[in-house]
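Could you look at this predicted model? Sequence included:
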Amino acid sequence: QVQLVESGGGLVQPGGSLRLSCQVSGFTLDDYAIYWVRQAPGKEREGVSCIVGSGGRTNYADTVKGRFTMSRDKAENTVYLEMNTLKPDDTAVYYCTATAAVRVGVVCVPDYTYDYWGQGIQVTVSS
């Protein structure tokens, strides 16, 4: 059974940092591309970042490039999103999602179609 479980969200002041974690089960990270997708009230869903392949190639939306870093620990079956220099516009529910790597290829793009979703976790950036 495939499961993705996010943790690490919360309230942070502008300019602060948070690290989200996504614990996956039911598949290995080499076989799936993993994405972070966010949804803010009144805004369109946005693919934020992705990681794919045995080498862990990453890609980021322009809105977070240079501020967010995605990584993974294959031994722990966990994917991370390190978020720095957070802005109020980063406020959203963040979802960890997965898509079979055979469909994605060697390069992922953050906005894609997703096979599996986590339950989501709230990130609020406010003073």
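It's in. Residues are numbered from 1 along each chain as shown.

give me the low-pLDDT residue ranges for this structure?
Applying pLDDT under 70 to the chain flags no residue at all.

how does it look with 90?
54 (pLDDT under 90).

check contacts around the residue nearest in space to the middle of it.
By C-alpha atoms, centre = their mean, the chain has its centre lying nearest to Trp36, at 2.1 Å. Going by C-beta atoms under 8 Å, 6 or more residues apart in numbering, Trp36 touches 20, 22, 47-50, 68, 70, 81, 94-97, 110. The C-beta positions use only the backbone N, C-alpha and C, and glycine is treated the same way.

Nearest residue to it in space, ignoring adjacent ones along the chain?
Val48 (4.5 Å; C-beta to C-beta, 6 or more residues apart in numbering).

That neighbour and Val12, how far apart?
16 Å (C-beta to C-beta, to the nearest Å).

And for Thr91?
10 Å.

Give me the common contacts of those two.
123-125.

Give the bridge partners for Arg38, please.
Beta-bridge pairing for Arg38 (DSSP bridges): Glu46, Tyr94.

give me the element Val102 is part of.
In this assignment (DSSP states H and E), Val102 forms part of helix 101-104.

which helices and strands sit right next to that helix?
On a contact count with 3 or more C-beta pairs under 8 Å, 6 or more residues apart in numbering; DSSP states H and E, helix 101-104 meets strand 32-39.

next one: the strand it packs on to chain centre, how far?
4 Å (C-alpha atoms, centre = their mean, to the nearest Å).
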